[in-house]
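# Fold the following for me, if possible:
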Amino acid sequence: MNTRFVKFMLLIMVTILVFVVADTGIAETIFLPLVLEDADSAAPYPTGALFVFSTVATTDGDVGGREGMSALCSEEDFQAHFCTIQEIENAFATKGVYFIKPFANSWVDDPLTSSWNSITENCNGWTQTVNVNGREIYATAYKKGITPCNALLSIACCKWIP
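Below you'll find the model as predicted:
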């Protein structure tokens, strides 16, 4: 099928959906069309959008630093890296974010909270599990919280769509 035609039809469907959602009064809570859940990995994504998935493997908050988290992401997709909250928020505000399902509760980095190696955030730079907490992004997507670092969670992995 012609790629231009598919993109055009997708744009029409999203536009219709936005108007339907706006009419129901829930547009403020789900932020369409920037966050598309249940996105098909073969869909024609817009250039520059952020593709977010959770790893199948789970881990606690001690993986030898942010590099360890990114290494676990790249084991599942060689182009992926450990997501930051700011990266997701920036993509949400600009080109779009695609949370690929199934999306599980996942560790997510927050380097701008206090400091990247903050003991109370980010599991002491993703190197500790005792008496520290880390940031978690929930399976409902785009909702974050704090979790003890000894919990076993998936990792939120990001890659930019070229």
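# Can you list the buried residues in the lengthiest strand in the chain?
Assignment by DSSP state E gives strand 154-160 as the longest strand of the chain. Neighbour counts over strand 154-160 (16 or more other Cβ atoms under 10 Å) mark S154, I155, A156, C157, C158, K159 as buried. Yep, even glycine has a C-beta here, placed from its N, CA and C like the rest.
# Of the residues you listed, which is the nearest to I85?
A156 (9.1 Å; Cβ to Cβ).
# picking that back up, let me have the buried residues of strand 154-160 in JSON lines, extended by distance to I88.
Below are the buried residues of strand 154-160 laid out as JSON lines (distance: Cβ to Cβ, whole Å):
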{"residue": "S154", "distance to I88": "15"}
{"residue": "I155", "distance to I88": "13"}
{"residue": "A156", "distance to I88": "8"}
{"residue": "C157", "distance to I88": "11"}
{"residue": "C158", "distance to I88": "7"}
{"residue": "K159", "distance to I88": "12"}
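# Take those residues and lay them out in a markdown table including distance to C83 and pLDDT.
Output for these, formatted as a markdown table (distance: Cβ to Cβ, whole Å; pLDDT from 0 to 100):
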| residue | distance to C83 | pLDDT |
| --- | --- | --- |
| S154 | 11 | 96 |
| I155 | 8 | 96 |
| A156 | 4 | 95 |
| C157 | 6 | 96 |
| C158 | 4 | 95 |
| K159 | 9 | 93 |
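# that older thread, which strands and helices lie in contact with the longest strand of the chain?
Secondary-structure packing of strand 154-160 (3 or more Cβ pairs under 8 Å, 6 or more residues apart in numbering; DSSP states H and E): strand 50-54, helix 66-76, strand 81-82, helix 85-93, strand 106-107.
# Let's see that with 10 Å instead.
Judged by 3 or more Cβ pairs under 10 Å, 6 or more residues apart in numbering; DSSP states H and E, strand 154-160 is in contact with strand 50-54, helix 66-76, strand 81-82, helix 85-93, strand 106-107, strand 133-137.
# Ok, which of those comes nearest I146?
Taking Cβ to Cβ, strand 133-137 is the member of these nearest to I146, at 4.7 Å.
# Which strands border the closest one, and is each parallel or antiparallel?
strand 106-107 (antiparallel), strand 144-148 (antiparallel) (DSSP bridges).
# So for the longest one, what gets flagged as buried?
Judged by neighbour count (16+ other Cβ under 10 Å), strand 144-148 contains these buried residues: T147.
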